[in-house]
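Enquirer: Any chance you can model this:
(one chain, ligands or ions: 1)
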Amino acid sequence: MGAGAPPPDVKAQGKKILVCVSGGIAAFKVVVVVRSFAEMGADVRVVMTRSAQHFVGAQTFAALSGNPVSTEMFGSGADVPHVELARGADLTIVAPATANAVAKMALGIADDLFSAVLLTVRSPVLLAPAMHTEMWEHPATRGNIATLEKHGVTLVGPSEGALSSGDSGAGRMSEPDEIVRAGLRALGRAEDLAGVRVLVTAGGTQEPIDPVRFVGNRSSGRMGFAIAREAAARRAKVTVVAGATSAEPPSGVELVQVATADEMRAAVLERAPECDVIVKAAAVADFKPEEAVERKLKKASGPPEITLVPTPDILAELGSRPGLRKARSILIGFAAETEPDPGRLGLLAEEKRRSKGADVIVANDVGSSDSGFGAATNRAVIAGPDGVTDVGLVTKMALASALIERISQLLKERRKL
Ligand SMILES: Cc1cc2nc3c(=O)[nH]c(=O)nc-3n(C[C@H](O)[C@H](O)[C@H](O)COP(=O)(O)O)c2cc1C
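Expert: Numbers count the residues shown, from 1 in each chain. Next up, the predicted model:
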């Protein structure tokens with residue numbers, strides 16, 4: 001199954017789906033999303049901002065969903081519409097999500113029905129941003145999106161392409177079928193990892209040279225944290241063994257802090273026998289100084305000669321000694337490559353999968369500014385026992401979601417054995 005396809009057993013029938021529409025041109029595409037879910041038998045409720053009604057009439061959404069459209073917080077009745085709408089929702093889709101809507105959601109503002117519903121709702125939330133490239137790339141929006149991802153919101157897109165002004169660039173809303181597929185995945189995934197123990201390593205190790213200096217790398221921990229967040233959202237019991245990181249760690253997971261490759265190895269091996277899934281997303285140093293000197297090296301003593309020795313290869317150890325792990329557990333490794341070509345990246349991933357004895361290898365390109373260490377996005381392929389999938393250039397959260405989807409399928413297959 002490709003990364004974008006929904007699990008075949010997911011049903012939208014009878015599910016309550018909230019579609020929250022804010023004021024962008026792409027609102028016309030959301031008409032198709034509403035119609036698709038209504039045709040699948042879902043109970044679709046549409047909430048619109050005032051601005052959204054400049055783009056598509058409420059009547060259109062009402063006719064296609066078969067339900068009245070909600071636009072106002074206040075009426076003359078005794079009902080509390082934001083609570084009634086939010087309660088019992090199985091899925092919430094925000095599309096198009098304007099820069100303004102994204103900002104309000106990130107800050108928890110609730111000054112209209114749309115934003116109050118989004119602060120009240122407890123279902124999985126899918127966000128399909130749509131805005132001009134300048135708005136999408138603005139540091140304020142970047143920060144708001146990072147906050148929402150931290151809150152567990154799943155991003156769909158945006159993609160690059162033609163924008164309403166005639167420009168082209170990042171910020172184009174995902175196509176309706178992509179949003180529908182993501183919605184189906186979200187409906188099907190809610191609890192699929194309940195009872196599954198997942199260990200994720202994240203960040204970079206720091207191998208001391210002296211008390212203040214170390215051999216390290218640029219890993220931010222963002223990718224590992226995204227995987228942990230996604231697994232926890234699907235109800236897995238997650239432990240993160242983290243080296244040095246600069247990203248915000250996820251909430252609701254056990255966090256074990258380590259510094260060196262040796263410490264990371266000890267922390268992972270201690271927990272491996274209980275884990276159903278081990279994802280080695282950390283950037284572990286390949287080499288460390290043979291010995292760390294006890295006192296700070298003095299500049300006046302001239303450049304030191306540092307002999308490097310290999311660090312333990314934790315992935316290979318776990319892959320080659322099955323006794324270290326739980327029976328039928330799944331081992332996933334990451335390969336950092338400076339290789340943007342997906343075909344060659346796939347070959348490297350498959351080669352590493354075999355040589356390390358891993359079930360799945362995610363190979364990502366760390367050679368460009370939009371992919372790899374510290375970036376919000378990653379260009380990656382996933383190589384597993386059932387072949388190689390090119391995930392393309394996507395957010396780290398979307399890559400995490402594609403990877404966890406693959407892991408969920410593998411777990412299901414192994415349980416059938
Ligand atoms: C023709 C037109 C198109 C617009 N398209 C977008 C858009 O795609 N994304 C966006 O963030 N804002 C867009 N805006 C600006 C928003 O409509 C504006 O920020 C508004 O306050 C958003 O309100 P809302 O988030 O409550 O719906 C557009 C405005 C106009 C006039």
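Enquirer: Name every strand pairing with the lowest-mean-pLDDT helix or strand in the chain and say which way it goes.
Expert: When the helices and strands of the chain are compared on mean pLDDT, DSSP states H and E, strand 159-162 comes out lowest with a mean of 80. The pairing partners recorded for strand 159-162 under DSSP bridges are strand 168-172 (antiparallel).
Enquirer: residues from the stretch 151-300 of the chain in reach of the ligand?
Expert: S164 (C-beta under 6 Å from any ligand atom). Where C-beta positions appear, they are placed from N, C-alpha and C, glycine not excepted.
Enquirer: What is the helix or strand where R415 lies packed up against?
Expert: If you go by DSSP states H and E, R415 is part of helix 396-416. Applying 3 or more C-beta pairs under 8 Å, 6 or more residues apart in numbering; DSSP states H and E, we find helix 396-416 packed against strand 154-155, helix 176-189, helix 222-233, strand 277-280, strand 330-337, strand 360-365, strand 377-384, strand 387-395.
Enquirer: Let's test this: mean pLDDT of the fourth one, rounded?
Expert: Per-residue pLDDT values over strand 277-280 give a mean of 98.
Enquirer: What strands flank that strand, and is each parallel or antiparallel?
Expert: strand 197-202 (parallel), strand 330-337 (parallel).
Enquirer: averaging pLDDT over each of the ones you listed, which comes out lowest?
Expert: strand 330-337 (a mean of 94).
Enquirer: Can you identify each of the helices in this protein by residue range?
Expert: 27-39, 58-65, 81-86, 99-107, 113-120, 133-137, 139-150, 176-189, 222-233, 261-271, 314-320, 342-356, 396-416 (DSSP state H).
Enquirer: rewinding a little: residues making contact with the least confident helix or strand of the chain?
Expert: Strand 159-162 is contacted by residues S168, G169, A170, R172, M173, S174, E175 when judged by C-beta atoms under 8 Å, 6 or more residues apart in numbering.
Enquirer: Tell me how many other residues crowd the spatially closest residue to the fourth one that is not a sequence neighbour.
Expert: Excluding its sequence neighbours, the residue lying closest to R172 (C-beta to C-beta, 6 or more residues apart in numbering) is G161, at 4.2 Å. Neighbourhood size, G161 [other C-beta atoms under 10 Å]: 13.
Enquirer: what does L64 give?
Expert: L64: 20 neighbours (other C-beta under 10 Å).
Enquirer: which ones are touching it?
Expert: Counted by C-beta under 8 Å, 6+ apart, L64 has contacts V31, V34, R35, A38.
Enquirer: The second one: how many residues sit nearby?
Expert: Which is V34. 30.
Enquirer: Then the third one?
Expert: Applying the criterion other C-beta under 10 Å, we find 18 residues in the vicinity of R35.
Enquirer: any idea how far E274 lies from L85?
Expert: Taking C-beta to C-beta, to the nearest Å as the measure, E274 falls 41 Å from L85.
Enquirer: Out of these two, name the residue with the larger neighbour count.
Expert: Each of E274 and L85 has its neighbours counted (other C-beta under 10 Å); L85 has more, 24 against 13.
Enquirer: could the helices and strands packed on helix 396-416 go into TSV alongside distance to T307?
Expert: Converted to TSV, the helices and strands packed on helix 396-416 look like this (distance: least, C-beta to C-beta, whole Å):
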stretch	distance to T307
strand 154-155	45
helix 176-189	49
helix 222-233	30
strand 277-280	27
strand 330-337	24
strand 360-365	30
strand 377-384	34
strand 387-395	38
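Enquirer: okay, now the domains of this protein?
Expert: 16-189, 197-416 (automatic domain parsing).
Enquirer: Off-centre distance for the first one?
Expert: In this view, domain 16-189 has its centroid 19 Å away from the chain centroid, taken as C-alpha atoms, centre = their mean, to the nearest Å.
Enquirer: swap in stretch 379-397?
Expert: 13 Å.
Enquirer: go on, stretch 213-226?
Expert: 17 Å.
Enquirer: cool, and stretch 388-402?
Expert: With C-alpha atoms, centre = their mean, you get 8 Å for stretch 388-402.
Enquirer: who touches that stretch?
Expert: So stretch 388-402 is in contact with 2-3, 149, 154-156, 185, 222-223, 226-227, 229-230, 342, 345-346, 349-350, 362, 364, 370-371, 375-382, 406, going by C-beta under 8 Å, 6+ apart.
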